[in-house]
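In: The sequence isn't on hand, but the structure is:
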């Protein structure tokens, strides 16, 4: 990987940002970040069945960030430069992480969400050297937002 980002990194990062602003993807990301919660693959399928808007939103948000992770992992965007500009992929992974083993088994694909997982692991190491308590604080905020609301 190149040590320093250049204008190609900036152009591609800005292009990813433009894609994030596309209306349907923006709606999917907003829903995923604020409302998606499932502890198991079965729960996810029950709450967000195939064909539902929520299922489409989940797949759209997850696949966008898995694709972005792949771009970074292949060295097309400088990793540190990417990390400096977003943590949303890491939050998405935190929500999907408990579902990954069952999803990989169900789809017979050990690489399902693997790019996202790999980049999130690297991000954690990167953040540990910069702001060691930041991710634990963010994890707690995610858990608090994902906790079931009293009715």
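Out: Structure's in. What do you need? Because the structure is predicted, anything quoted here is derived from the model rather than measured. Numbers count the residues shown, from 1 in each chain.
In: I'd like the next helix or strand past the strand or helix carrying residue 117.
Out: Applying DSSP states H and E as the criterion places residue 117 in helix 114-128. Downstream of helix 114-128, the next assigned helix or strand under DSSP H and E is helix 134-146.
In: Just the buried residues of that following helix, please?
Out: For helix 134-146, a neighbour-count test (16 or more other Cβ atoms under 10 Å) marks 135, 142 as buried. Bear in mind the C-beta positions are built from the backbone N, C-alpha and C, glycine included.
In: what packs against that helix?
Out: If contacts are counted by 3 or more Cβ pairs under 8 Å, 6 or more residues apart in numbering; DSSP states H and E, helix 134-146 sits against helix 88-96, helix 114-128.
In: what angle sits between the helix holding residue 117 and helix 88-96?
Out: Counting by axes from the mean of the first three to the mean of the last three Cα atoms, to 10 degrees, helix 114-128 lies at 110 degrees to helix 88-96.
In: re earlier: pick the most buried one from the helices and strands packed on helix 134-146.
Out: Comparing the helices and strands packed on helix 134-146 by mean neighbour count (mean count of other Cβ atoms under 10 Å), helix 88-96 ranks first with a mean of 21.
In: what's downstream of the lengthiest helix in the chain, the next helix or strand?
Out: If you go by DSSP state H, the chain has its longest helix at helix 53-73. Remark: after helix 53-73, the chain's next helix or strand is helix 79-85, criterion DSSP H and E.
In: which other residues reach that following helix?
Out: 1, 5, 9-10, 13, 68, 72, 122-123, 126-127 (Cβ atoms under 8 Å, 6 or more residues apart in numbering).
In: starting at the chain centroid, how far to that helix?
Out: 14 Å (Cα atoms, centre = their mean, to the nearest Å).
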